[in-house]
Every structure is written in C-alpha cells, then in structure tokens.
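[1] Provided below are the primary sequence and the corresponding predicted coordinates.
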Amino acid sequence: MGVQGQPTAQGQSELFVQESRASLAVGDNQMAGPLDLREEAGPGPLGLKEESPAPPAELESSSMALGLVRAGACLLLGLLVCPACTRACLMCFVTDKERIRICQMFVGMKAWKTKVCDEKFQLAFKDLLKTEINYDERNNLHDSFTQMVHSLQETAVAKGFYTKAFSKAAEEMKKAILQLKKVPACVPPCGVQELTRRFICDGCYSLICKLPLNCPGEGRAGVLGSPPHGGLRVRVSPAGETPLSPVKDVTVNRGDQAMFSCVVDFQLPKEDISYSWKFAKGGVRTQDMSYFRDLPRARGSVARIRPAKPVHAGTYSCVIRHDVRPVARLYFFLNVTGPPPRAETELQVTFREVVRWSRKEPEVVEPWKPGLGELLTNPWALTWEDLCLLAALVAVMVASLTVLVWMFCRWYFSGI
C-alpha cells in the first residue's frame, strides 16, 4: 500500500530524531515507531483508513503545547529553505496562522506532520506564483481565498485527504482568477497610468507601467489658417517621418487663434482630475520648470489664445493631476509669425481715429444784454417788460420807505 506525503530518507531521519527528542522530553521511553500518516494513507481493502493507537490522555496537553512550538520553528525553517514559495498568491491572501491551523486539522498537532502538510499546501499553489491580477480585484480574490479556507476546514473535519483537497482548492482558485477583470494594457509613450496598476503575487506588491511623466509632441504642427468656425487647423507630420519631439510645435499667424489640447491616449480616472497651465514667455523653448509661470485664467483641458500676438510666443506646459499626484505633462511651443491681418489693420486705423477725435462745441449767437449804465444812457433800449419790472421795483421801494417812517414816528411819539 502506497503512502501519500512520504518524506525522503534525509527528511525521515531528521523527523525521526525530532520525534525521539519529543518522546524523551515528555518522559516516554518507547522508541519512535513507524511514521503515523493515517490521514495521508489510502483506504485499505475494505475502504477503511489505517489508524494507529491514540496517544495516552495524560500526554495530550503536553503534546499540544510542544507541537505548536515545533510547528512554528519548522515553519520558519521552511521559509528559509524555500524562499520562492513564500511569494505565491497563497501567501498574499492566507496567513501563516491559517495555514498551520488547516494542516493541524488534517494531520494533528505533531510538528513534522504539520511541516510536511504545509509544504504540500504551498506546492499545490506553485502554479500561481507568477500570477498578476487587476489591482481593483484584490478584494474579490481575497474573498475567494477566504471561501477556500472555509472549504478546506470543512474537508478536514470530514477526515478527507489533504493532498487531494489542496489540489482541488488550487484548481478552483485558478478558475476564480480567470473570472477576474483583466489588467488594462499599458499605452505608451508616457503617463502615470493608474488604471493599469496590477497586483503581483510573486512578492505581494503592486506595479504600474514604467513610463516617463513628460509626453512627447507628435512631430511638428502648424496652423494653416483660421477655419470658419473659429477653431484651429493643424498639420501633423505622419508617424515615422520625423522622430517625436519632447515639445509640440504650434505655428500661427498673427491675429489667428491658437489652441492647445491637453489630452493623452490612455484612460484617465473618472474623478479628481484637474488641469494646470504654465507659460515660459520671451519665445523660450524649454522644459525647465523654473522658467514657467502660472496661468490662473487657463482651466480645463483646452487653452485658447485669440488673437495671437508676438508677445504670446513661448512654451506652454499643461499638467494633468489625479487628486494631487501628477499623471502627465505636455509641452507646446507657440510661434507667432507674419504681419497682422488686413482686417485687423483697418480696424486699428479706425480705432485710432476714434480715439484722437475730439468733439467741438457749435457757435451760438447769444442775445444782447445791456447793463444799468447802458439803460440809463439809452432809455429806448428798455422793453415793456423791463419798464414793468422797473415800476414794480420802485413801488416796492416806496412802500418799504413809508413803513419805516411810520414805525419810527410811532416809536417816537409813544415815549412822550
């Protein structure tokens, strides 16, 4: 009858020595007998499992405590001997304590049996060593491993064989991984592509595409003129005709509209995306951020300059951020050439004439208004209105004088 999980000769001698030391430590003078692998042995002729006599009751608690200590020591030794096994998906989502507990439920509390069981456990999942999954699917895979742990515990309670149980669990986990959402492919040539982040089971870490932050320009671009709808018509060199430049060239005629689109080929996160623009003036073509100044009025993925003037020539930089982390940076060099358009020249001339024009007051013939001396010397100049006004004035003066004389006489004679 074949025995499953039989250790090698060297491993059997080491385990035999450990078992003999354990027997001496608990005061057992019996020699260590054949290996007790009743949980691993196949069924007998009648379909029954071979069993060995149970340990004495008085040694059960001591054996349990000693088994836990020896299991931990053996597990540490196994990690040192087989470091590659410690990087499988099994180690990322199932703790050492959970694995030891499962093996103890299958083979008991003996340390060497727990070690052999744990090695078989890791060996069953060796095909998942190089597995890479979508980073967002980690929780789903963790749930699948949790269900696997519960299933193995139920199999151990039912006295099943752990080698078959581990192989079956590994196959089910492979199927579960195939049902997870695939990892999006990296889109060159630039950008921090967070949506392509993948979880690597060989080390239990995450990784994204190793691409530069600065996006190169697509050849050389130029403006052929302003379309009727006021947009920008750009001529781009075919792919492969000229090497990609780190700065995209945009050439416009003076007075036309210049437009920069801060877009990338890869997919951006749907939330917390912001755009910031900077400008290096003076016609400087550079990627040195010390030359750039913020453009607070430029917001969004598109920036427009209308009309373009020579003072607008220089390098423009757009930074795409997810939350506060830069995702991509693009550069545009604006070159403003040519004389101003004819319509603009005529408009400027008209504007200058309007500014220089000053309103002149029209000449008004004012009527002759003679003074008092002229009226006395020339009584004929008085009109009927003037005569009536003069008579009224004389009457008021005579009445006032009469009232004053009356008041004085009354006051004077009242004192006699």
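    Cool, got the structure. Residues are numbered from 1 along each chain as shown.
[2] Sheet-wise, list the partners of the longest strand seen in the chain with their directions.
    In the chain, with assignment by DSSP state E, the single longest strand is strand 325-337. Paired neighbours of strand 325-337 in the sheet (DSSP bridges): strand 214-215 (parallel), strand 248-253 (parallel), strand 314-322 (antiparallel).
[3] Which of these sits closest to residue 116?
    Closest of those to residue 116 is strand 314-322, at 48.7 Å (criterion: CB to CB). Using the backbone N, CA and C atoms, a C-beta is placed for each residue, glycine as well.
[4] rewinding a little: can I get the strands paired with strand 325-337 in TSV including mean neighbour count, mean pLDDT and distance to residue 328?
    Formatted as TSV, the strands paired with strand 325-337 follow (neighbours: other CB atoms under 10 Å; pLDDT from 0 to 100; distance: least, CB to CB, whole Å):
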stretch	mean neighbour count	mean pLDDT	distance to residue 328
strand 214-215	20	92	5
strand 248-253	22	92	13
strand 314-322	21	95	5
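[5] And the ones you listed: which comes nearest residue 95?
    From the strands paired with strand 325-337, taking CB to CB, the stretch that ends up closest is strand 314-322, at 32.6 Å.
[6] wait, residue 213 sits on residue 330?
    No. Taking contacts as CB atoms under 8 Å, residue 213 lies outside contact range of residue 330: 10.2 Å.
[7] Give me the more crowded residue out of these two.
    residue 330 (23 against 13; other CB atoms under 10 Å).
[8] if I read this right, the more buried one contacts residue 301, doesn't it?
    No. Residue 330 lies out of contact with residue 301 (CB under 8 Å); the separation is 10.1 Å.
[9] Find residues that contact each of these two.
    Here residue 330 and residue 301 have 262, 318, 320 as joint contacts, going by CB atoms under 8 Å, 6 or more residues apart in numbering.
[10] closest to residue 106 out of the strands paired with strand 325-337?
    strand 314-322 (47.1 Å).
[11] Where does residue 140 sit: helix, strand or coil?
    State at residue 140, reduced to three classes by DSSP: H, G, I helix; E, B strand; the rest coil: helix.
[12] Pull the contacting residues for it.
    residue 180.
[13] And residue 321, how close does it get to residue 350?
    45 Å (CB to CB, to the nearest Å).
[14] I meant residue 206, not that one.
    Separation of residue 206 from residue 350 (CB to CB): 64 Å.
[15] Can you get me a residue count around residue 287?
    14.
[16] that's a strand at it, yeah?
    No. Per three-state DSSP, residue 287 lies outside any strand segment and is coil.
[17] any idea how far residue 407 is from it?
    When residue 287 is compared with residue 407 (using CB to CB), they lie 102 Å apart.
[18] And residue 270, by the same measure?
    In terms of CB to CB, residue 270 sits 100 Å off from residue 407.
[19] And stretch 193-209, what's buried?
    193, 194, 195, 196, 197, 198, 199, 200, 201, 209 (16 or more other CB atoms under 10 Å).
[20] for it, how far is the first residue from the last?
    7 Å (CA to CA, to the nearest Å).
[21] which stretches of the stretch 201-350 of the chain aren't confidently modelled?
    Counting by pLDDT under 70, the ranges of the stretch 201-350 of the chain that qualify are 218-245, 340-346.
[22] Can you list the residue ranges for helices in it?
    With DSSP state H, counting those that start in this stretch as the criterion, the stretch 201-350 of the chain has helices at 342-356.
[23] gap between residue 130 and residue 287?
    Residue 130 sits at a distance of 38 Å from residue 287 (criterion: CB to CB).
[24] Just confirm residue 125 contacts residue 168, I think it does.
    No. When contacts are counted by CB under 8 Å, residue 125 is not listed as touching residue 168 (11.9 Å).
[25] hey, where'd the strands end up in the stretch 151-300 of the chain?
    198-200, 205-207, 214-215, 221-223, 234-236, 248-253, 258-261, 273-280, 293-294 (DSSP state E, counting those that start in this stretch).
[26] which one of these lies closest to residue 150?
    Nearest to residue 150, of the strands of the stretch 151-300 of the chain and by CB to CB, is strand 198-200 at 22.6 Å.
[27] Residues touching the closest one, excluding its own?
    92, 132, 133, 134, 135, 137, 138, 183, 205, 206, 207, 208.
[28] how close does the nearest residue to the fifth one once chain neighbours are set aside get to residue 259?
    So the one you mean is residue 135. Leaving aside its sequence neighbours, residue 135 sits nearest to residue 197 (CB to CB, 6 or more residues apart in numbering; 4.0 Å). Residue 197 sits at a distance of 33 Å from residue 259 (criterion: CB to CB).
[29] Same question for residue 181.
    Taking CB to CB, one finds residue 181 at 37 Å from residue 259.
[30] Looking at the protein, which helix is longest?
    As assigned by DSSP state H, the longest helix anywhere in the chain is helix 384-414.
[31] taking the mean pLDDT, what do you get for that helix?
    Across helix 384-414, the average pLDDT comes to 86.
[32] what do you get for stretch 143-159?
    Rounded to a whole number, the mean pLDDT of stretch 143-159 is 93.
[33] quick one: buried residues of it?
    144, 145, 148, 149, 152, 153, 155, 156.
[34] just curious, which of those residues is nearest to residue 383?
    Using CB to CB, the buried residues of stretch 143-159 come closest to residue 383 at residue 144, 116.6 Å.
[35] Provide the backbone phi and psi angles at the closest one.
    The phi/psi pair for residue 144 (degrees, to the nearest 10) reads phi -60, psi -40.
[36] With adjacent residues omitted, what lies nearest to it?
    In space, and not counting its chain neighbours, residue 144 is closest to residue 176: 4.3 Å by CB to CB, 6+ apart.
[37] isn't the one you found right up against residue 142?
    No. At 11.0 Å, residue 176 does not count as touching residue 142 under the criterion of CB under 8 Å.
[38] Settle it for me: which of these two has more neighbours?
    Set side by side, residue 176 and residue 142 show more neighbours around residue 176, with 16 against 13, by other CB under 10 Å.
[39] so how far is residue 318 from the more buried one?
    42 Å.
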